[in-house]
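Undergrad: What shape does this take:
(chains A and B)
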There are 2 protein chains.
Amino acid sequence: MSPAPAARDGGFYEDLTVSQETLLELVDLGRLSPTGGNKQPLKFIISWEKEKNELIYPTLAWAGYLTDWAGPEAGERPAAYIIILEDKDINMNVPKIDFGIAAQSIMLGAAEKGLGGCMIYMVQRQKLREVLHIPEKYEILMVLALGQPKEEVVVDEIENEADIKYWRDNNRVHHVPKRKLKDVVLEL
Amino acid sequence: MSPAPAARDGGFYEDLTVSQETLLELVDLGRLSPTGGNKQPLKFIISWEKEKNELIYPTLAWAGYLTDWAGPEAGERPAAYIIILEDKDINMNVPKIDFGIAAQSIMLGAAEKGLGGCMIYMVQRQKLREVLHIPEKYEILMVLALGQPKEEVVVDEIENEADIKYWRDNNRVHHVPKRKLKDVVLEL
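TA: Have a look, this model is predicted:
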């Protein structure tokens, strides 16, 4: 898998597929991540097949702050997905921390493989459940969208009270404003 | 910082301190981690000073399944802590996913630096707030305990219905049972 050429129009190279093997390697990072009380309540659904991807895509909301952008066009959509579920048969006594931990393990592993992605929480869960026939015993927590990124992303340091909305410039570079380190460490 | 010698009696090399600079590098990984709507509600308190560490330690619960072990003894306690807070002045419209994501970024960064640690959710929050004078506007989410690990940890693959409780063997090796990859990936 060679790195995607630099481009500046958002989304992914949908034709550059992600293999089942790669997705399983990524899920394995989630599997090995810590969970509260080691209960391991998380289950995963992977999708790399075009038909299954097309069922998942319409259930996802994209980049809420980019109001002039409905999401990536056909041909620029994610090449793969990992859906994170909680198995409700496994009794948890702590809040739902685990899936954020697992999601970050997976996304960092994806970055190491040259992939990019989004953690998507704004999901039409009932619709997704129906199209994939996900049993009720699994709660849908989050969807990770993956692919070869077609978009350049930069982090801009901002003043503490400045606007945190991400935005795209005229060259279609995606800017993510982040507060400075000194503003997130408390001196007590 | 050289790697700690292998040893098998739990806890950390408390005398091998973790520098303020290292902790700030780790917090920076948390700062750069994704947050819902990019709202960045997380703030961090770091501790590497002996006196401050001794205030934090008694507010933490250790390894609930190891009922014959009250936690690391003096001299084997964490050399540093990162406390993750949520700034309640920052209005969030999604559940608390962010701190698990940031915590995992920090722990993986720590591992890359040769450190080990625990994510501790079982915290006496009111006590911790009092000893460190944490203002009410910050909700205490989690404490990350860090240090040079004195303990060997192994992952054991288990059958789907087997007991997930971690345990220590006679050589003080800490065993973490994990379900197999095939048992956490759903075939739909």
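
Undergrad: Let me know the helix or strand that the residue positioned nearest the centre of chain A is in.
TA: Closest to where the C-alpha atoms of chain A average out (C-alpha atoms, centre = their mean) is A:M119, at 2.3 Å. Of the helices and strands defined by DSSP states H and E, A:M119 is found in strand A:116-120.

Undergrad: How about A:I56?
TA: Assigned by DSSP H and E, A:I56 belongs to helix A:50-56.

Undergrad: And that helix, what's buried?
TA: Applying a neighbour-count criterion of 16 or more other C-beta atoms under 10 Å in any protein chain shown, the buried positions in helix A:50-56 are A:K52, A:N53, A:L55, A:I56. Every residue, glycine included, has its C-beta placed from N, CA and C.

Undergrad: Stretch A:129-145 too?
TA: Of the residues in stretch A:129-145, those with enough neighbours to count as buried (16+ other C-beta under 10 Å) are A:R129, A:L132, A:I134, A:Y138, A:E139, A:I140, A:L141, A:M142, A:V143, A:L144, A:A145.

Undergrad: can you count the residues close to the residue nearest to A:P149 when sequence neighbours are not counted?
TA: Spatially, and ignoring its direct neighbours in sequence, A:P149 is nearest to A:G116 (3.1 Å; C-beta to C-beta, 6 or more residues apart in numbering or on different chains). The burial count assigned to A:G116 is 20, neighbours taken as other C-beta atoms under 10 Å in any protein chain shown.

Undergrad: how close does A:G116 sit to chain B?
TA: As judged by C-beta to the nearest C-beta, to the nearest Å, A:G116 and chain B stand 12 Å apart.

Undergrad: Residues in a beta bridge with that residue, which ones?
TA: Note on A:G116: beta-bridge partners by DSSP bridges are A:G147.

Undergrad: which other helices and strands contact the lowest-mean-pLDDT helix or strand in chain A?
TA: Per-element confidence for chain A was summarised using mean pLDDT, DSSP states H and E. The lowest value among helices and strands belongs to strand A:167-168, with a mean of 91. In terms of contacts (3 or more C-beta pairs under 8 Å, 6 or more residues apart in numbering or on different chains; DSSP states H and E), strand A:167-168 is packed against strand A:174-179.

Undergrad: which helices and strands sit right next to the helix or strand that the strand it packs on is followed by?
TA: The C-terminal neighbour of strand A:174-179 among helices and strands, as given by DSSP H and E, is helix A:181-184. Judged by 3+ C-beta pairs under 8 Å, 6+ apart, the packing partners of helix A:181-184 are helix B:20-31, strand B:42-47.

Undergrad: overlap between the buried residues of stretch A:129-145 and the residues near chain B?
TA: Intersecting those with the surroundings of chain B, defined as C-beta under 8 Å from any C-beta of the partner chain, gives A:L132, A:I134, A:Y138, A:M142.

Undergrad: Adding secondary structure and pLDDT as columns, could you present these in TSV?
TA: Converted to TSV, those look like this (DSSP: H, G, I helix; E, B strand; the rest coil; pLDDT from 0 to 100):
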residue	secondary structure	pLDDT
A:L132	helix	98
A:I134	coil	98
A:Y138	strand	96
A:M142	strand	96
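
Undergrad: which one of those residues sits closest to A:P95?
TA: For A:P95, the closest of those turns out to be A:M142, at 14.6 Å, with distances computed as C-beta to C-beta.

Undergrad: Next, the contact list for the closest one, please.
TA: With C-beta atoms under 8 Å, 6 or more residues apart in numbering or on different chains as the criterion, the residues that contact A:M142 are A:I83, A:I84, A:F99, A:A103, A:M119, A:I120, A:Y121, A:V123, B:I97.

Undergrad: A:V131 contacts A:L60, correct?
TA: No: under the contact definition of C-beta atoms under 8 Å, A:V131 does not touch A:L60, with a separation of 11.8 Å.

Undergrad: hang on, the earlier thing: and the strand holding A:M119, what does it pack onto?
TA: helix A:98-112, strand A:138-147.

Undergrad: What's the separation between the residue of chain A found nearest chain B and A:P34?
TA: Ranked by C-beta to the nearest C-beta, the top residue of chain A for proximity to chain B is A:G100, at 2.9 Å. Using C-beta to C-beta, to the nearest Å, one gets 11 Å for the distance from A:G100 to A:P34.

Undergrad: Quickly compare the helices and strands packed on helix A:181-184 and say which is most buried.
TA: Per-stretch averages of neighbours, counted by mean count of other C-beta atoms under 10 Å in any protein chain shown, single out strand B:42-47 among the helices and strands packed on helix A:181-184, with a mean of 24.

Undergrad: Partner strands of the least confident helix or strand of chain A, with direction?
TA: strand A:174-179 (antiparallel).

Undergrad: residues of the strand it pairs with that come out buried?
TA: Residues of strand A:174-179 classed as buried by neighbour count (16+ other C-beta under 10 Å): A:H174, A:V176, A:P177, A:K178, A:R179.

Undergrad: residues contacting the nearest residue to the first one once chain neighbours are set aside?
TA: Spelled out, it's A:H174. Leaving out its chain neighbours, the residue that sits closest to A:H174 by C-beta to C-beta, 6+ apart is A:V153, at 4.7 Å. Neighbouring residues of A:V153 by C-beta under 8 Å, 6+ apart: A:G116, A:V173, A:H174, A:H175, A:V176.

Undergrad: Give me the distance between the residue nearest to the centre of chain A and B:E54.
TA: Here A:M119 is placed at a distance of 37 Å from B:E54 (C-beta to C-beta).
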